[in-house]
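# I would like the atomic coordinates for the input below:
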Amino acid sequence: MNHVEKTRAHLLYVVSGLLLSSTALALEIAPRQWSHLPLGVNFAGFGYAYTEADIGFDPVLQLENVQMEKHTWVGKYVRTFELLKTSARIDIAQGYQKARWYGLLAGLPAETEREGLSDTFVRFAVNLYGAPPLAGKEYRSYRSGKSIDTVVGLGLAVRLPTGNYLEEKLLNLGDNRFTFRPQLGFSHRRGNWSAELTAEAAFYTENDEFYGNNKLEQDPLVMAYGHLVYTLRPGLWLSASAGVDYGGQNTIDGVDSNDRKNNIGWKLSAAYPINSRLGLKLSYLVLQTQESTGSDSNSLLASLTYMW
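The predicted structure is shown next:
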């Protein structure tokens, strides 16, 4: 593998890890968000995720033993560019989902399904330290001469209310509101090992069409997650990730729902370079609530990413 091919494999490694993180899980455990990328590069990817979950609702809703099966197909595009003498990027992702919920409603068996678009995900990020805006030979020369580097970045992720939403239904694929998530990230690489830490908070606009024209408001949700990655060779790598979130309590028509979020999660991933422009990634994700309401879920994820 020549130097150019090694660089391409490294870039696929960076971006493929982000493709399936945009499936709108409450706790997103997404490695490689702050890696140094060259300017003017495009990435396009397609991913699939299968999720099973046990869901706990407030007893007042009379929903018991609720389980969910969800299929998610997601497409993503990433573009890098220079902004005010820093390296920057924009990510756009759109998912399509098919989900089934089943359990007991007022003691009787019940089942419902939804299918359609999920909310659109857009993220803008800029690396403030350790990732100069470089392209082509300059970038390759810079990367080849460094075995240790540290990157600090800022990001803003936005979830747009474009997904399938029925105001008369409690369970939906879309949220019918905006979510804004400012992020602070830190990444450190030393030889074949790299570590990454991200802290962020989610802020939600109101949903005034919640379950029969009620007004849903939600407190901010704070999140933190970390990743440890080992690279066997360019494009071939393994990672272990963990994360937590806390807060995000809902209020419906001014009444506190007592549904504070408190989740932990972990994720194992592996990536393989099919060639210098195409990469494959597989992941297994587990999320668990520490409260009486919320969900425990297991997800299998696979994605392909192409670079040009």
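# Pull out the buried positions in the helix or strand harbouring Asp208.
Element membership of Asp208, judged by DSSP states H and E, is strand 207-210. By 16 or more other CB atoms under 10 Å, the buried positions in strand 207-210 come out as Asn207, Glu209, Phe210. Heads up, the C-betas are built off the backbone N, CA and C, glycines and all.
# quick one: average pLDDT of it?
On average, the pLDDT along strand 207-210 is 93.
# now do stretch 233-247
Rounded mean pLDDT across stretch 233-247 is 92.
# just to revisit the earlier point, tell me what the strand holding Asp208 is packed against?
With contacts taken as 3 or more CB pairs under 8 Å, 6 or more residues apart in numbering; DSSP states H and E, strand 207-210 sits against strand 214-218.
# Can you classify the spatially closest residue to Leu280 that is not a sequence neighbour as helix, strand or coil?
Once flanking residues are discounted, Leu280 sits nearest to Tyr272: 5.0 Å by CB to CB, 6 or more residues apart in numbering. Three-state assignment for Tyr272 (DSSP: H, G, I helix; E, B strand; the rest coil): strand.
# heads up, I number from 306, so please use that
OK, 306 is where the count begins now, so the last one is Tyr577.
# I'd assumed Ser608 was in contact with Tyr577.
No: when contacts are counted by CB atoms under 8 Å, Tyr577 is not listed as touching Ser608 (11.5 Å).
# who has more neighbours, these two?
Taking other CB atoms under 10 Å, Tyr577 and Ser608 do not tie; Ser608 has more neighbours (25 against 16).
# Wait, that one touches Lys586, no?
Yes: Ser608 is within contact range of Lys586, at 4.9 Å (criterion: CB under 8 Å).
# if we can go back for a sec, which residues are in contact with both of Tyr577 and Ser608?
Leu585, Lys586 (CB atoms under 8 Å, 6 or more residues apart in numbering).
# Who is the closest residue to Val346 other than its chain neighbours paired with across the strands?
Take Val346 and drop its neighbours on the chain: the residue closest to it by CB to CB, 6+ apart is Thr385, 5.0 Å away. Taking DSSP bridges as the rule, Thr385 bridges to Arg394.
# Give me the pLDDT value at Thr385.
97.
# Now do the contacts for it.
Contacts of Thr385 by CB under 8 Å, 6+ apart are Leu342, Pro343, Leu344, Gly345, Val346, Ser392, Ala393, Arg394.
# possible to save those as a markdown table with neighbour count and distance to Tyr535?
Listed next are those as a markdown table, based on neighbours: other CB atoms under 10 Å; distance: CB to CB, whole Å:
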| residue | neighbour count | distance to Tyr535 |
| --- | --- | --- |
| Leu342 | 27 | 20 |
| Pro343 | 19 | 23 |
| Leu344 | 18 | 28 |
| Gly345 | 12 | 29 |
| Val346 | 19 | 24 |
| Ser392 | 25 | 24 |
| Ala393 | 21 | 28 |
| Arg394 | 25 | 24 |
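# Which of the residues you listed fall in strands?
Among these, the residues falling in strands (DSSP state E) are Ser392, Ala393, Arg394.
# What's the separation between the residue nearest to Leu585 and Gly517?
Computed as CB to CB, to the nearest Å, the Tyr577 to Gly517 distance reads 48 Å.
# ditto for Leu476
Distance of Leu476 to Gly517, computed by CB to CB: 14 Å.
# of those two, who's got more company?
Remark: of Leu476 and Gly517, Leu476 carries more neighbours, 16 against 9, as counted by other CB under 10 Å.
# And the helix or strand containing Leu433, what does it pack against?
For Leu433, the enclosing helix or strand under DSSP H and E is strand 425-434. Here strand 425-434 touches strand 391-410, strand 453-465, going by 3+ CB pairs under 8 Å, 6+ apart.
# Tell me what angle that strand forms with strand 391-410.
Here strand 425-434 runs at an angle of 140 degrees relative to strand 391-410 (axes from the mean of the first three to the mean of the last three CA atoms, to 10 degrees).
# Just the buried residues of strand 425-434, please?
Buried residues in strand 425-434, counted by 16+ other CB under 10 Å: Thr425, Phe426, Arg428, Ala430, Val431, Asn432.
# Which of those sits closest to Asn555?
Phe426 (21.3 Å; CB to CB).
# how near is the closest one to Thr536?
Distance from Phe426 to Thr536, by CB to CB: 27 Å.
# any idea how far Lys586 is from the residue nearest to Pro578 when sequence neighbours are not counted?
Ranked by CB to CB, 6+ apart and with sequence neighbours excluded, the top spatial neighbour of Pro578 is Gly540, at 2.9 Å. As for Gly540, its distance to Lys586 is 10 Å (criterion: CB to CB).
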